[in-house]
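> Fold the following, please.
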Amino acid sequence: SDPQKFKEQGGTEVAPMSTTENKEVALQYSNSVCPLLFKFKAKGLSMGVDISYLSVYPKEREVLYPPLTYLMPSGETEMEGNITVYTVKLTIS
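Purely as a prediction, here's the structure:
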């Protein structure tokens with residue numbers, strides 16, 4: 001299945017990836033039957049760009065990643081209530 005394949009191989013986001021450092025904001029966007037959150041481990045050149053100063057909602061603490069950012073699961077998966085949280089390592093191409 002696709003979720004299992006992602007857990008094993010990871011995946012690449014082909015579009016710019018808008019994220020937030022604010023967990024409460026992320027939870028609002030994850031409202032679905034099977035909610036899923038990604039927790040990023042990013043350092044050095046794999047860190048996104050904070051664009052909060054450009055946002056209409058600066059308190060959302062938006063961080064932007066470029067197209068083709070690769071998400072590699074770290075093997076850490078948590079359940080927070082009914083929400084699945086995957087920890088992923090990021091590589092920017």
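> Only C-alpha atoms from now on, for both contacts and neighbour counts.
Fine.
> Read off the pLDDT value for the nearest residue to residue 69 once chain neighbours are set aside.
Spatially, and ignoring its direct neighbours in sequence, residue 69 is nearest to residue 92 (4.7 Å; C-alpha to C-alpha, 6 or more residues apart in numbering). Looking at residue 92, its pLDDT is 88.
> same thing with residue 31?
Reported pLDDT for residue 31: 85.
> so is it in a helix, a strand, or just coil?
coil (DSSP: H, G, I helix; E, B strand; the rest coil).
> Can you tell me how far it is from residue 14?
Remark: distance between residue 31 and residue 14 (C-alpha to C-alpha, to the nearest Å) = 23 Å.
> same check, this time on residue 55
Residue 55 is 22 Å from residue 14, by C-alpha to C-alpha.
> again, but for residue 92
Between residue 92 and residue 14 the computed distance is 11 Å (C-alpha to C-alpha).
> now do residue 82
To residue 14, residue 82 is 28 Å away according to C-alpha to C-alpha.
> residue boundaries of the helices in the chain?
Ranges of helices in the chain, per DSSP state H, are 2-9, 23-29.
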